[in-house]
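# got a sequence here, can you build the structure:
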Amino acid sequence: MTQLPLNTITQGDCIDGMNALPAESVDLVFADPPYNLQLGGNLSRPDNSVVNGVTEEWDQFDSMDAYDLFSHDWLNAARRVLKPNGSLWVIGSYHNIFRVGTVLQDQQFWIQNDVIWRKTNPMPNFRGTRFANATETLIWATKTEDASPTFNYDAMKMLNDGVQMRSDWTLPICTGFERLKGADGKKVHPTQKPESLLHRVILSTSNPGDVVLDPFFGTGTTGAVAKKLGRNFIGFEMEEDYIAHARKRIEKIDTGKGMAISVTPSKRDAVRVPFGNLIERGLINPGTLLMSENGRHRAHVRADGSLATDDFQGSIHQVGAHVQNAAACNGWTFWHFMTPQGPTQIDALRSIVRQQLAEMASA
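Below you'll find the model as predicted:
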């Protein structure tokens with residue numbers, strides 16, 4: 001069996017490189033493909049200084065059809081190496097993201113989210129002929145609609161001060177000390193992405209030890225963040241100069257390990273604990289009065305783990321929905337029991353059981 005070239009950068013065409021890897025061997029693909037900007041002429045600032053845009057040969061295609069064929073080929077190769085429950089991310093601007101998205105859907109990828117990266121410090125529109133382009137779009141997709149990709153929801157919520165993270169990310173572009181520059185003082189790569197952007201992508205949809213593949217490795221932002229977060233990376237890149245800077249950059253980084261890279265676990269991945277287990281373990285007794293946080297709704301615990309009100313009996317979820325006249329209810333967070341500290345969610349008792357089960361499993 002072909003061994004994965006973990007934590008290496010291979011110079012060459014990414015399509016050939018991915019086709020040489022074992023099928024279904026990669027957990028996450030992050031792709032920042034050429035944007036096919038099709039820029040014409042030089043762009044100048046009001047002071048007549050020249051703006052260093054993307055003029056490299058690798059961003060130039062003869063036609064839209066040629067770009068579509070290129071997108072088809074690399075996405076097809078990425079699909080083959082991606083695990084059934086793996087995630088694919090692709091980023092682009094208005095020049096290319098809609099064409100890439102079309103090819104992606106034609107290949108039966110299933111879009112989980114589109115994420116808008118709102119740049120806090122975008123380049124102005126110096127000509128004043130249109131709105132300043134302040135956003136880029138990321139597409140998060142899986143191979144099939146019924147895939148179960150890693151999604152560290154609670155970790156992303158924690159990253160966002162305890163509030164559910166939305167699909168619009170406000171982050172600065174890559175500037176300052178993070179921007180790699182050559183001996184001439186000029187930026188090494190015209191479209192180097194900020195590490196903050198890759199931090200969210202990798203943290204949200206992979207786990208420590210996973211394999212993250214970047215087919216357009218550039219100066220190594222994906223590899224740098226993957227290493228910090230304790231993931232393995234595989235990179236493909238055509239340009240020798242980019243590879244040299246990427247290797248030098250990544251060599252300086254310590255591999256993330258242990259507690260430093262652990263995150264808040266997602267509740268959906270936790271061990272299932274029926275409410276009745278709390279009664280069996282003596283953590284809550286039959287007859288205990290439960291209430292909503294505001295005390296408006298009340299129910300009593302029964303010996304079989306059901307709840308009862310004056311007019312209804314059922315599970316913690318069914319009774320919670322009934323008293324609120326709602327279609328559904330998460331009974332674990334709706335119902336509270338009284339402690340010396342005040343009303344406490346019954347979910348706190350479930351956490352105790354899960355901790356006990358984890359300790360037994362590790363013993």
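# ignoring the adjacent residues along the chain, who's closest to Gln11?
Once flanking residues are discounted, Gln11 sits nearest to Ile243: 5.8 Å by CB to CB, 6 or more residues apart in numbering. Every residue, glycine included, has its C-beta placed from N, CA and C.
# my guess is that neighbour contacts Gly223, does it?
No: the pair Ile243 / Gly223 is not scored as a contact, 10.6 Å apart, by CB atoms under 8 Å.
# which neighbours do those two share?
Common contacts of Ile243 and Gly223 (CB atoms under 8 Å, 6 or more residues apart in numbering): Ile9, Phe217.
# what residues are up against the residue nearest to Gln11?
Ile9, Gln11, Phe217, Glu237.
# doesn't it lie inside a helix?
Yes: assessed with DSSP: H, G, I helix; E, B strand; the rest coil, Ile243 lies in a helix.
# could you check how far it is from Leu278?
Distance of Ile243 to Leu278, given as CB to CB, to the nearest Å: 56 Å.
# which SS class is the spatially closest residue to Ala303 that is not a sequence neighbour?
Closest residue in space to Ala303, ignoring its immediate chain neighbours: Pro286 at 4.4 Å, by CB to CB, 6+ apart. Secondary structure, three-state DSSP: Pro286 is coil.
# shouldn't Pro286 be in contact with Val301?
Yes: using CB under 8 Å, Pro286 makes contact with Val301 at a distance of 5.6 Å.
# helices of the stretch 201-350 of the chain, residue ranges please.
Secondary structure of the stretch 201-350 of the chain, counting by DSSP state H, counting those that start in this stretch: helices at 221-228, 240-251, 275-280, 316-324, 331-334, 347-362.
# contacts for the shortest one, please.
Translated: helix 331-334. With contact meaning CB under 8 Å, 6+ apart, helix 331-334 is reached by 275, 292-293, 307, 315-320, 324, 345-347, 350.
# ok, the residues you listed vs Val90, which is closest?
Val90 lies nearest to Asp347 out of these, by CB to CB, at 37.3 Å.
# number of residues surrounding that closest one?
The tally of other residues near Asp347 (other CB atoms under 10 Å) stands at 16.
# and the closest residue to it other than its chain neighbours, how far from Gly314?
Spatial nearest neighbour of Asp347, excluding adjacent residues (CB to CB, 6+ apart): Trp332 at 4.2 Å. Note on Trp332: its distance to Gly314, by CB to CB, is 15 Å.
# who's more crowded, the two?
Trp332 (19 against 16).
# the more buried one and Arg272: what is the separation?
Counting by CB to CB, the gap from Trp332 to Arg272 is 11 Å.
# mutual contacts of the two, please.
When contacts are counted by CB under 8 Å, 6+ apart, the set common to Trp332 and Arg272 is empty.
# can you give me the neighbour number for the nearest residue to Arg247 once chain neighbours are set aside?
Of all residues not flanking Arg247 in the chain, Ile9 sits nearest, at 6.3 Å (CB to CB, 6+ apart). For Ile9, the count of nearby residues is 20 (other CB under 10 Å).
# any idea which element Ile9 lies in?
strand 8-11 (DSSP states H and E).
# gap between the helix or strand just after that strand and the chain center?
Following strand 8-11 in sequence order, the next helix or strand is helix 14-19 (DSSP H and E). How far helix 14-19 lies from its chain's middle: 24 Å, per CA atoms, centre = their mean, to the nearest Å.
# strands paired with the helix or strand following helix 14-19, and their directions?
As assigned by DSSP H and E, the chain's next helix or strand after helix 14-19 is strand 26-31. When pairing is defined by DSSP bridges, strand 26-31 lines up against strand 82-92 (parallel), strand 211-214 (parallel).
# so which of those strands is nearest Arg166?
Nearest of the strands paired with strand 26-31 (CB to CB): strand 82-92, 16.6 Å.
# quick one: the nearest residue to Ile316 once chain neighbours are set aside from Ser351, how far?
With CB to CB, 6+ apart as the criterion, Ile316 has its nearest non-adjacent residue at 2.9 Å, and that residue is Gly331. Per CB to CB, Gly331 is found 15 Å from Ser351.
# looking at the two, which one has more neighbours?
The neighbour count for Gly331 versus Ser351, taken as other CB under 10 Å, is higher for Gly331 (22 against 14).
# that older thread, most neighbours out of the contacts of Ile243, which is it?
The most crowded member of those is Phe217, carrying 26 neighbours; neighbours defined as other CB under 10 Å.
# which residues of the stretch 51-200 of the chain score low on pLDDT?
Residues of the stretch 51-200 of the chain meeting the criterion pLDDT under 70: 51-56, 58-59.
# show me where it has strands.
Here the stretch 51-200 of the chain has its strands, by DSSP state E, counting those that start in this stretch, at 82-92, 110-119, 135-142, 168-171.
# now render those strands as CSV, adding mean neighbour count and distance to Met360.
Converted to CSV, those look like this (neighbours: other CB atoms under 10 Å; distance: least, CB to CB, whole Å):
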stretch, mean neighbour count, distance to Met360
strand 82-92, 22, 28
strand 110-119, 16, 35
strand 135-142, 21, 34
strand 168-171, 14, 40
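# rebuild the ones you listed as TSV, extending it with distance to Leu213.
Compiled in TSV, those are given as follows (distance: least, CB to CB, whole Å):
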stretch	distance to Leu213
strand 82-92	8
strand 110-119	18
strand 135-142	14
strand 168-171	22
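# which of those strands sits closest to Lys193?
It's strand 82-92; of these, that one is closest to Lys193 (CB to CB) at 7.4 Å.
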